[in-house]
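Undergrad: Need a 3D model of the following:
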Amino acid sequence: MTKASRSSLQTGVLSAPSQFLGYQLRILELMTGKRLSIADKARMFGVYGAAYGLPVSTGLVSVFPFTENIKTYALQHGYVEGENKL
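TA: Next up is the predicted model:
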């Protein structure tokens with residue numbers, strides 16, 4: 001992989017902490033930038049949302065701890081971890 005595909009956030013001081021966030025950063029830049037039309041953004045959001053879930057489709061999977069919130073909600077509403085394993 002060349003340096004051409006790096007995000008602007010993956011240079012300088014932030015290069016080490018963000019080295020594994022390239023894919024998420026590119027999705028986030030596409031969703032917030034002007035490179036895609038609104039219809040393209042909606043299409044991308046719908047396909048990624050259906051395939052990978054809503055946190056991945058927005059590119060915020062690494063910014064906000066969705067899994068911890070879902071786990072906390074489930075535990076507070078009666079889910080017992082390790083019960084009913086497949």
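Undergrad: which other helices and strands contact whatever helix or strand Arg43 lives in?
TA: Using DSSP states H and E, Arg43 sits in helix 38-52. Applying 3 or more C-beta pairs under 8 Å, 6 or more residues apart in numbering; DSSP states H and E, one finds that helix 38-52 contacts helix 22-32, helix 54-58. Every residue, glycine included, has its C-beta placed from N, CA and C.
Undergrad: ok, and which of those helices has the densest surroundings?
TA: helix 54-58 (a mean of 17; mean count of other C-beta atoms under 10 Å).
Undergrad: moving C-terminal of it, what's the next helix or strand?
TA: helix 66-76.
Undergrad: before we move on, back to that, tell me which residues in the helix holding Arg43 are buried?
TA: Using 16 or more other C-beta atoms under 10 Å as the test for burial, helix 38-52 gives 45, 48.
Undergrad: avg pLDDT for that helix?
TA: Here helix 38-52 scores 88 as its mean pLDDT.
Undergrad: Centre of the chain to it, how far?
TA: When distances are taken as C-alpha atoms, centre = their mean, to the nearest Å, helix 38-52 is centred 13 Å away from the chain's centroid.
Undergrad: the inter-axis angle of that helix versus helix 22-32?
TA: Here helix 38-52 runs at an angle of 140 degrees relative to helix 22-32 (axes from the mean of the first three to the mean of the last three C-alpha atoms, to 10 degrees).
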